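Enquirer: Provided below are the primary sequence and the corresponding predicted coordinates.
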Amino acid sequence: MKKSGEWGDHITLQAAADRFGVKICLVTSFRDTCYIEILPKDKSPTRDIWLSFWSEVHYNSLYASGDVPTRPPRRKHWLF
């Protein structure tokens, strides 16, 4: 999965939910299944992860307002 051109799918999301003990909430572009929950099989989820899925194109992470992770600004190597 870390190689360019590799794609994730529902099986990958189930494996992530199982491994990390999270509920994955998936908002999709499908009309009949616009919301899907993927729960870990052997334990109760400790938190929720929200993703969007554009059919056959791409997954994106979704964050609640104010929950967007921040990182410190990186210093440009040419600035001192």
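Expert: That came in fine, so what should we check first? All values derive from a computational prediction rather than experimental measurement. Numbers count the residues shown, from 1 in each chain.

Enquirer: remind me which residues of the protein are low pLDDT?
Expert: For the chain, applying pLDDT under 70 flags the ranges 1, 64-80.

Enquirer: quick one: the helices in it, in order.
Expert: 10-20 (DSSP state H).

Enquirer: quick one: the strands in it, in order.
Expert: 22-28, 35-38, 47-54, 58-62 (DSSP state E).

Enquirer: and of those strands, who's closest to Gln14?
Expert: strand 35-38 (5.7 Å; CB to CB). For glycine as for every other residue, the C-beta is placed from the backbone atoms N, C-alpha and C.

Enquirer: now for the closest one, which elements pack on it?
Expert: helix 10-20, strand 22-28 (3 or more CB pairs under 8 Å, 6 or more residues apart in numbering; DSSP states H and E).

Enquirer: among the strands of the chain, which is the most enclosed?
Expert: Across these, averaging neighbours per residue (mean count of other CB atoms under 10 Å) puts strand 22-28 on top, at a mean of 17.

Enquirer: what's in contact with that strand?
Expert: 13, 16-17, 34-40, 45-53, 55, 62 (CB atoms under 8 Å, 6 or more residues apart in numbering).

Enquirer: one more pass at 10 Å, please.
Expert: Residues outside strand 22-28 that contact it (CB atoms under 10 Å, 6 or more residues apart in numbering): 10, 13-14, 16-17, 33-40, 43-55, 59-60, 62.
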